[in-house]
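[1] coords please:
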Amino acid sequence: MPPKSKAAAAAAAASAAQPVAVEDLFAALHRHIEAGEFPQAVKVADQVLAVAPGDEDAVRCKVVAHIKSDATEKALAAIRAAERLPIDLSYYKAYCFYRQNKLQEALELLRGQEETSAVLQLESQIYYRLGRMNDCMNSYEKLQKFKVESMDLKINIIAALVAAGRASEVQATMKAQKVDLTTRALRDARSFELAYNSACSLIENKKYSEAKEQLDLAKRIGKEELMGEDYGDDEIEYELAPVSAQLAYVQQLQGQTQEAMETYTKMTSQNLADPSSLAVATTNLISLKGTKDAADSLRKLGRLIEKSTAPNKLQLIESLEFKLSPRQKEALYSAHVLLLLHANRIDQAHELVSGLLGMFQDSTFPVLLQAAVHVREKKIQKAEEILSRYAEKHPENSKGVLLALAQIAASANHLQIAADSLSKITDIQHMPATVATLVALKERLGDSNGASSVLDSAIQWWKNSMTEDSKLDVFMREAATFKLNHGHDEAACQLYEELVKSFGSAEALAGLVATSARTNLEKAEQYEKKLKPLPGLKGIDVESLEKTSGARPFEVPKPMNEDVTDEVKKQKAKKRKRKPRYPKGFDPANPGPPPDPERWLPKRERSSYRPKRKDKRAQVRGAQGAVTRDKHDTSATSSANASSSSKANQATKAATAASDQPKGSNKSRKKKSRS
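    Below is the predicted model of the structure:
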């Protein structure tokens, strides 16, 4: 390449020295931001600041470009560099802290800010992350005056209402914002997030069929949208994992456990889900499996929980810590503790519960889990002390704790503690199950007056209540029966009389007659006349009936038809004869020998049974500790003795024969020996 001429070099140096106009730089900055080219926008913003140091618009553009590029640390560095300038960047700093999950610091920065729509939206999101749903809804309610028309905002409002336990208000709130949540309208809106959140509100209201319909719609709309953006099948499944998990949960609630388990298993095994959906699917799958294969379930949950360096502090893995709601975290940790108890890992369960007590100080579930661990260790008294202490300190949030205390105490036969615990739950004192349990406990304690007062209080509550489904007649009838059984005839008679006047029950009228016959005979006769006569009781002599030992059931004779002829009566009187049924191949003419009458008895129970004789030859009689001989050894010994005895006999015979022969002289014997 030939070298440049001196003139060209001088022109280039002059052009480089000439500053670029700020207007041109801002035009380029705007162009990069509109195109979504945020790294280039940062470079142009630096050029603007080099020309015009401290320009507020350039600083803001640089910070926002860093945030849009997910470079929150660089954005915070730019904010710190501009602290000396008279520019308020606290909102952007709060947003960076929110993105870094420093929620409390972000909330502190927003407290002094003017309540604009952007500040309120960020504040509501922070409250949602912190689980403070009532504060979140207050921020959303303040947003209504700005009339922000944003679909994302409406989706977030539904999610916040559901999380705050106010799902019943979703329809009215969306109607006020002119949002139609019918299936047809959701199909026209083409927003699967809106359909999904609407289905969540229906689940909270226990409308499972409608929720399933909207979840199917959300899945179908989501697939169409993502396919239009050229997403692959695995990517579509990953993006729609929350919908799939919620659909499986609805199937689980409807009793379709097999289908739900298949969906959960597919999500956990193929790992085609975001971390929060994967955690939800894992927890729900464990709840379906129960204690079956607890070791595998513990391994799956162990992947979601991270050990913290701080003592007695727990945390989920980084991708889950700020994405799961407090309710979802409670379910996950509870499943882990219960599995540890079933696996008999008591020490690990104690360690986990200690961490939960510090993390969820405003919740009751760590206290319930702590009591469960002590119950598993058979330390019933310790569990009762923990629950009683919590109920005394937090009376406004102790309903579940008191119920657990009553159950534990009743199981341990601590009846007084169980009765006192149930008596402290004021909002369920009138319910049939509570009244029946309290009456049974006080009866077992021998406090019949206390049981009677429980029934009287329930009757008084139902008298004052304005509900359509009144249980007053049931309680009055049970109370009358109870008082009658415990000798309070007058009180029972008053209750029966009130039942007759209020409800006109025939059963109550009969009870009134029977009860007043003990206290007021005239009243009994008066009400006895109102009883309807029973059919078939005419012509009965009451005096003779009283003399008998007892009443027998009276059968009403069936009316005879006078038109029935004598021939028909004779035909009915004849009994139908049936031919006997014989076994296959049996000839009744040649029946053969009769079968053995003992053929169905076991052999040892038959008269012909003779037990086998034991071999007594193997028995050895002698002193204690004598060595017993084996059967084969005994037979071998006997055969050896027989052979030795036969040889002895032969020798004896030979000796006898020799003695019978004539003896020769000594000389002849000597000669024979010499020869």
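
[2] For the spatially most central residue of the chain, list the residues it contacts.
    The chain has S287 as the residue nearest its centroid, 5.2 Å off, counting by C-alpha atoms, centre = their mean. Neighbouring residues of S287 by C-beta atoms under 8 Å, 6 or more residues apart in numbering: A335. C-beta here means a position set from N, CA and C on the backbone, and glycine is covered the same way.

[3] S421 versus that one, what's the distance?
    27 Å (C-beta to C-beta, to the nearest Å).

[4] go on, H66?
    Taking C-beta to C-beta, one finds H66 at 57 Å from S421.

[5] that's a strand at E306, yeah?
    Yes. Under DSSP: H, G, I helix; E, B strand; the rest coil, E306 falls within a strand.

[6] ok, how many other residues are close to it?
    Neighbourhood size, E306 [other C-beta atoms under 10 Å]: 13.

[7] Give me the distance between it and S325.
    Taking C-beta to C-beta, one finds E306 at 18 Å from S325.

[8] same question, S448
    Applying C-beta to C-beta to S448 and S325 gives a distance of 49 Å.

[9] for L387, same thing?
    Using C-beta to C-beta, we find L387 at a distance of 26 Å from S325.

[10] One more: E224?
    Using C-beta to C-beta, E224 is found at 29 Å from S325.

[11] Also I157?
    16 Å.

[12] Counting neighbours, go ahead and name the busier of these two.
    Higher neighbour count among I157 and S325: I157, with 23 against 16, using other C-beta under 10 Å.

[13] does the more buried one belong to a helix or a strand, and which?
    If you go by DSSP states H and E, I157 is part of helix 151-163.

[14] Residues touching that helix, excluding its own?
    Outside helix 151-163, the residues within contact range by C-beta under 8 Å, 6+ apart are 121, 124-125, 128, 131, 133, 136-137, 140, 143, 167, 169-170, 173-174, 177, 179, 189, 191, 193-194, 197-198, 200-201, 204, 325, 327.

[15] can we see that at 7 Å?
    Contact with helix 151-163 is made by 121, 128, 133, 136-137, 140, 167, 169-170, 173-174, 177, 179, 191, 193-194, 197-198, 200-201, 204, 325, as judged by C-beta atoms under 7 Å, 6 or more residues apart in numbering.

[16] Tell me which residues of the following helix or strand past that helix come out buried.
    The helix or strand immediately downstream of helix 151-163 is helix 170-176, counting by DSSP H and E. By 16 or more other C-beta atoms under 10 Å, the buried positions in helix 170-176 come out as 170-171, 173-174.

[17] wait, which of the residues you listed is closest to R31?
    M174 (39.1 Å; C-beta to C-beta).

[18] Would you mind giving the domain segments of this structure?
    What the TED database lists as the domains of the chain is 362-428, 443-531.

[19] Between those domains, which has the poorest mean confidence score?
    Mean pLDDT is lowest for domain 443-531 among these, at a mean of 83.

[20] Next, report how far that domain is displaced from the centre of its chain.
    Distance of domain 443-531 from the chain centroid (C-alpha atoms, centre = their mean, to the nearest Å) equals 41 Å.

[21] please renumber so the chain begins at 334
    Sure, I'll start numbering at 334, so the last one becomes domain 776-864.

[22] what distance separates the start and the end of that domain?
    Chord length of domain 776-864, first to last residue, is 34 Å (C-alpha to C-alpha, to the nearest Å).

[23] again, but for stretch 704-715
    Stretch 704-715: ends 8 Å apart by C-alpha to C-alpha.

[24] in that stretch, what counts as buried?
    704-709, 713.

[25] contacting residues around that stretch?
    Residues outside stretch 704-715 that contact it (C-beta under 7 Å, 6+ apart) are 674, 679, 682-683, 686, 716, 719-720, 737, 741, 745.

[26] circling back: generate a ChimeraX selection restricted to the buried entries among the contacts of helix 484-496.
    Only the buried entries of the contacts of helix 484-496 go into this ChimeraX selection, using 16+ other C-beta under 10 Å:
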select :454,461,466,469,470,473,500,503,506,507,512,524,526,527,530,531,533,534,537,658
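
[27] which ones among the contacts of helix 484-496 are found in strands?
    Using DSSP state E, the subset of these located in strands is empty.

[28] packing partners for the helix or strand containing E823?
    Assessed by DSSP H and E, E823 sits inside helix 822-836. On a contact count with 3 or more C-beta pairs under 7 Å, 6 or more residues apart in numbering; DSSP states H and E, helix 822-836 meets helix 805-818, helix 839-852.

[29] Could I get the CA-only coordinates of it as CSV?
    Extracted C-alpha coordinates of helix 822-836, given in CSV (Å, rounded to 0.1, in the frame of the first residue of the first chain):
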residue,chain,number,x,y,z
ASP,A,822,-85.4,-34.9,82.1
GLU,A,823,-86.8,-31.4,82.5
ALA,A,824,-84.2,-29.8,80.2
ALA,A,825,-84.6,-32.6,77.6
CYS,A,826,-88.4,-32.1,77.7
GLN,A,827,-88.1,-28.4,77.1
LEU,A,828,-85.8,-29.0,74.1
TYR,A,829,-88.1,-31.6,72.6
GLU,A,830,-91.1,-29.3,73.1
GLU,A,831,-89.2,-26.4,71.3
LEU,A,832,-88.3,-28.8,68.5
VAL,A,833,-91.9,-29.8,68.0
LYS,A,834,-93.1,-26.2,68.0
SER,A,835,-90.3,-24.9,65.7
PHE,A,836,-89.8,-27.8,63.3
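
[30] which parts of that helix are buried?
    822, 824-833.

[31] before we move on, what about stretch 377-395?
    For stretch 377-395, the neighbour count (16+ other C-beta under 10 Å) marks 377-378, 380-382, 388, 391-395 as buried.

[32] pLDDT (mean, whole number) over that stretch?
    Per-residue scores along stretch 377-395 average to 89.

[33] Quote the end-to-end distance of it.
    Start-to-end span of stretch 377-395 (C-alpha to C-alpha) is 9 Å.

[34] What of stretch 534-544?
    First-to-last distance for stretch 534-544 - C-alpha to C-alpha - comes to 8 Å.

[35] For it, buried residues please.
    534-537, 541, 544.

[36] Dump those residues to CSV, plus distance to A628 and pLDDT.
    As requested, the buried residues of stretch 534-544 are arranged in CSV below (distance: C-beta to C-beta, whole Å; pLDDT from 0 to 100):
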residue, distance to A628, pLDDT
S534, 38, 89
L535, 37, 90
I536, 32, 90
E537, 34, 89
Y541, 33, 92
A544, 34, 91
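
[37] In the residues you listed, find the pair that's most separated.
    Longest span within these, C-beta to C-beta: S534 and Y541, 12.3 Å.
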